[in-house]
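generate coordinates for the sequence data below:
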Amino acid sequence: MDGDRRGWRECLLGGAVFAVCMAGTTLPTPLYPLYQEKFGFSELTVTVVYAVYAFGVIGVLLLMGNASDAVGRRAVLICGLGFAAASAVCFLSATGLEWLYAGRLLSGLSAGLFTGAATAYVMELAPYGGASRATFVATAANMGGLGCGPLLAGVLAQYAAWPLYLPFAVHLVLVTGSAAVLLRLPETVRERMPLNAVRPQRPALPAPVRAVFGPAAIASFVGFALFGVFTSVSPEFLAQSLDVHNHAVSGLVVALAFFSSTAGQLAVGRVGVGRSLPLGCGALLAGLALLAGALRWDLMSLVVLSALVGGGGQGLAFRGALAAVAEASPADRRAAVISTLFVVAYAGISVPVIGVGVLSDPIGLENAGLVFIACMAVLVSTAAAYLLRRPVLART
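Sure thing, here's the model as predicted:
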């Protein structure tokens, strides 16, 4: 009993470290309008600054995705916290646009190291037989941390002094505390290898997984693209079109999408993998429709509903996609296939968002958003139609 209690305590502490790291990746979200005002850059630049993060994540997933299997979980996570701290220092030192690019890239490197290693670590720290609850802890830490970042930054920027500095100073303190906690937690990889055992992970798509991968990848791409738009341009839309200049409110709207994703991922256990993908696609389509209505009629209520419905759809679709792809993959290629799915998903965070930024100057932010919604709606409708004809058969 004491061993179980200690195991759950360690599991929860590992989850807290995971959440702190992920919160740093979304911390700048409600602050982008302030940076625009300070440095005088365009909406396109905002989207590029945001997307640099995704390139950092993709680079780490491809080049060092198996690092924690080789050198141990704690070493990789300490390195990830180091990148998170360096990112905070860049934002604290920002005197120009180059600091923002550096901060976002370092944040992406941190998230790339944490995404796989921290998930595995949290699950391994749990007592024997606690895999299901540990999965919940890892999911809640990941998506909950992403949601807490804009909420924390928005509240501090709105109601405290030094809005462009205090959020990152607080995060730097949290990262330092997390490093101290991590150093007291046990290592779960028993047989470690030298650093030269870490190999780049090439994207892989074996024949058995191809029929499942297409719709799963499309749903993941659209879900992450919706998150990308919410976290990069929604604060500016709220300010320009709805006259909402409260940073806490804009941070809360973004946070709702991530918290709803957590709920959607948890619902997969009840819904089942086979139904979660098409249902997730349907919810994503509804979320996109609500966002289109918000852009067309400038309604705050539709923005909130879009965050809730679209976020829930993203959670349903992505966890369903991950489970279906993992189930269909050969055991010796599973890690490479899952890495490929994550690469597609993080491409969704970057490429469409930059497209919105490119279009926002000639046709305006609202019209650019509507073009984005139309393209994503076509993609997710295609995936849903395919899944209705050929349902995914996979265990939950």
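
helix or strand with the lowest mean pLDDT in this protein?
Using mean pLDDT, DSSP states H and E, helix 67-71 stands out as the lowest-scoring helix or strand of the chain, at a mean of 83.

what's the helix or strand following it packed up against?
In the C-terminal direction, the helix or strand that comes right after helix 67-71 (DSSP states H and E) is helix 73-92. Helices and strands touching helix 73-92, as assessed by 3 or more C-beta pairs under 8 Å, 6 or more residues apart in numbering; DSSP states H and E, comprise helix 2-26, helix 67-71, helix 97-125, helix 166-184. C-beta: built from backbone N, CA, C; applies to glycine.

of the ones you listed, which is nearest residue 390?
Of all those, helix 97-125 sits nearest to residue 390, with 29.2 Å by C-beta to C-beta.

show me which positions of that closest one end up buried.
In terms of neighbour count (16 or more other C-beta atoms under 10 Å), helix 97-125 has its buried residues at 99-125.

tell me which helix or strand comes right after that helix.
Using DSSP H and E, the helix or strand that directly follows helix 97-125 along the chain is helix 131-159.

run the chain-centre distance for that next one.
Here helix 131-159 is found 10 Å from its chain centre; the criterion is C-alpha atoms, centre = their mean, to the nearest Å.

give me the buried positions along that helix.
Of the residues in helix 131-159, those buried by neighbour count under the rule 16+ other C-beta under 10 Å are 134-158.

poorly predicted segments of the chain, please.
Within the chain, the ranges that satisfy pLDDT under 70 run 1-3, 195, 331-332, 335, 392-396.

run the last query once more with 50
Applying pLDDT under 50 to the chain picks out residues 395-396.

and the angle from the longest helix along the chain to helix 131-159?
In the chain, ranked by residue count with DSSP state H as the criterion, the top helix is helix 210-242. Computed with axes from the mean of the first three to the mean of the last three C-alpha atoms, to 10 degrees, the direction of helix 210-242 lies at 20 degrees from that of helix 131-159.

for stretch 187-200, measure first residue to last.
End-to-end distance of stretch 187-200: 23 Å, with C-alpha to C-alpha, to the nearest Å as the criterion.

next one: it to chain centre, how far?
Taking C-alpha atoms, centre = their mean, one finds the center of stretch 187-200 at 26 Å from the center of the full chain.

may I see the buried residues of that stretch?
Taking 16+ other C-beta under 10 Å as the neighbour-count basis, stretch 187-200 is seen to contain the buried residues 188, 189, 198.

ok, for residue 32, nearest residue in space, not its chain neighbours?
In this structure, residue 32 finds its nearest non-sequential neighbour in residue 46, 5.1 Å apart by C-beta to C-beta, 6 or more residues apart in numbering.
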